[in-house]
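Participant: Have a look at this prediction, sequence included:
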Amino acid sequence: MGQEGEDQQTEEAPSFQRLGVCEQLCEACAALSWKQPTRIQVETLPLALEGRDLIGLAQTGSGKTGAFALPIIQDLLDHPQPLFACVLSPTRELAIQIAEQFEALGSGIGLKCTVVVGGVDMMAQAIALAKRPHIVVGTPGRLVDHLTNTKGFSLRSIKYLVLDEADRLLSMDFEHEIDEILKVVPKERRTYLFSATMTSKVAKLQRACLKNPAKVEVSSKYTTVDTLKQQYMFVPAKSKDCALVYLLHELAGSTSMVFTRTCECTRKVAMILRNLGLDAIPINGQMSQPKRLGALNKFKAGERSILICTDVASRGLDIPSVDVVINYDIPMNSKDYIHRVGRTARAGRSGRAISIVTQYDIELYQRIEKLIEKKLPSFPALEDEMMLLAERVAEAQRLATMKIRERDAKGKKRRATDPDEDDHGDAKRSLSGKKKGKIFSR
Ligand code: AMP
């Protein structure tokens, strides 16, 4: 914890105490090694502690969770009651991370927080809700499910509603669920809305649920940091896998996140890489929640050095350090490029982002260059060396396709994205039996 927030800090930020944070919570911040507030915290804390509604335009990594959690917990200390605040998050992972921050900040004061997200047993969550936690963090769909089906659970007494990553909540079509939730929360409440971008939908939501809000924005421009080395690699579409394997070999020893466009593709790419002896693990929105967390934890713990993911993982995930981001597929939405590459080069450290561009991606890629106002250099690839891989990669592709077909034919439940299945299989039966970095026989 702490690394993402640090790069958002200002040189002469006032202390948490000077911003009005009470002593107990200042101590909690210190215990988390939050030495000084981040920019978004500097801007929002005094306003929030005054009791204002807030719109915070800030990205994950800015310290925005602290910006809304601290004033909520401070008010809770003065007015203790169960079901004090409800936080809506677009993804399960983000919900868990938000809850972790609430729990970390509130650990000294017995704060209870419950996460209600899809993919996890409803009954266990209903039991947790019956214990009347102070804070409920959830994804809108599951929360509405509980509001409808869990006896005794309601949000009628909450004092705070937080809509985190509102732009994503809306782009993921949670409008209906948000409407349902707004109908059952008290009108007299504080509302905090955080979003990376101010879209027209977010503006509409803001009008519907905030009262005279204070607006705070940190870094609205779509920039990438100077410590990030960005490059592209132009290859024919049919050589994409070769290019990826080549890059991973060139960057051996690094931790990498490889972004693909579809869930299916994360599986296939991970399988191909594993067939070649590389320690890749997929994570995507089709995986069950325990599988997603399992994959993430293996990556975080360093047991796997290559995470293959969809954009689900480009925002919101608290992954401390990634050396390299590879865009295996160019994102359809240019802003996703910024979120993806934001997974590296944090807190003043260096990082690399390499985009594999094919004949079909030129327009999308040019849009990205326009957005970041930079013309990027190409990755100095040695084509001959890359082509040496072609045969082995083709064989790995063939095996992966065969395996996927076999699984689909069997219609096994677990086929969706069981990363461990591959762990025990492909990695051990890798084509060459060679370890990472030994793909070239030179
Ligand atoms: P967030 O943008 O809320 O997802 O926060 C990103 C990361 O920054 C989390 O790991 C937080 O623990 C960390 N963080 C939040 N506030 C601070 C702070 N004032 N100083 C250092 N780290 C922080």
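Facilitator: Done, it's in. Since the model is a prediction, treat every value here as computed from it, not as a measurement. Numbering: from 1, shown residues only.

Participant: CA only for contacts and neighbour counts going forward, please
Facilitator: Will do.

Participant: And for the longest helix anywhere in the chain, what's in contact with it?
Facilitator: For the chain, the helix with the greatest residue count under DSSP state H is helix 390-410. The contact list for helix 390-410 (Cα atoms under 8 Å, 6 or more residues apart in numbering) reads 239, 241-242, 245, 268, 271-273, 275-276, 415, 431.

Participant: try 7 Å
Facilitator: For helix 390-410, contacts defined as Cα atoms under 7 Å, 6 or more residues apart in numbering pick out 242, 268, 271-272, 275-276, 415.

Participant: What of stretch 169-182?
Facilitator: 89-90, 140-141, 144, 201.

Participant: change it to 10 Å
Facilitator: 88-91, 139-145, 147, 154-155, 161, 163, 166, 168, 183, 195, 199, 201-202, 205, 208-209 (Cα atoms under 10 Å, 6 or more residues apart in numbering).

Participant: Between the two ends of it, how far is it?
Facilitator: 14 Å (Cα to Cα, to the nearest Å).

Participant: For it, buried residues please.
Facilitator: Going by neighbour count (16 or more other Cα atoms under 10 Å), the buried part of stretch 169-182 is 169-170, 174, 177-178, 180-181.

Participant: Those in helices, which ones?
Facilitator: Those of the buried residues of stretch 169-182 lying in helices (DSSP H): 169-170, 177-178, 180-181.

Participant: Would you convert these into CSV that also reports pLDDT and distance to residue 130?
Facilitator: Listed next are these as CSV, based on pLDDT from 0 to 100; distance: Cα to Cα, whole Å:
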residue, pLDDT, distance to residue 130
169, 93, 26
170, 91, 29
177, 96, 22
178, 96, 22
180, 96, 21
181, 97, 19
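
Participant: And the average pLDDT for the longest helix of the chain is what?
Facilitator: Mean pLDDT, helix 390-410: 91.

Participant: Could I get the full set of helices for the stretch 1-150 of the chain?
Facilitator: 3-6, 23-31, 39-49, 64-78, 92-105, 122-130, 140-149 (DSSP state H, counting those that start in this stretch).

Participant: Which one, of those helices, ends up nearest to residue 351?
Facilitator: helix 3-6 (13.8 Å; Cα to Cα).

Participant: could you list every residue that touches residue 285?
Facilitator: 91-92, 262-263, 292, 309-313, 417.

Participant: confidence score at residue 300?
Facilitator: At residue 300, pLDDT is 87.

Participant: number of nearby residues for it?
Facilitator: 18 (other Cα atoms under 10 Å).

Participant: Now find how far off-centre stretch 19-32 is within its chain.
Facilitator: 26 Å (Cα atoms, centre = their mean, to the nearest Å).

Participant: now check it, is it near the ligand?
Facilitator: No - taking Cα under 6 Å from any ligand atom as the criterion, stretch 19-32 and the ligand are apart, separated by no less than 7.2 Å.

Participant: ditto for stretch 35-45
Facilitator: Yes - Stretch 35-45 reaches the ligand (Cα under 6 Å from any ligand atom) through 35-38.

Participant: in what helix or strand does residue 308 lie?
Facilitator: Using DSSP states H and E, the element containing residue 308 is strand 306-309.

Participant: State the mean pLDDT of that strand.
Facilitator: Strand 306-309 comes out at a mean pLDDT of 94.

Participant: And the contacts of that strand?
Facilitator: In contact with strand 306-309 (Cα under 10 Å, 6+ apart) are residues 248, 254-263, 265-270, 273, 278-285, 295-296, 298-300, 313, 322, 324-328.

Participant: I'm done for today, thanks for sticking with me.
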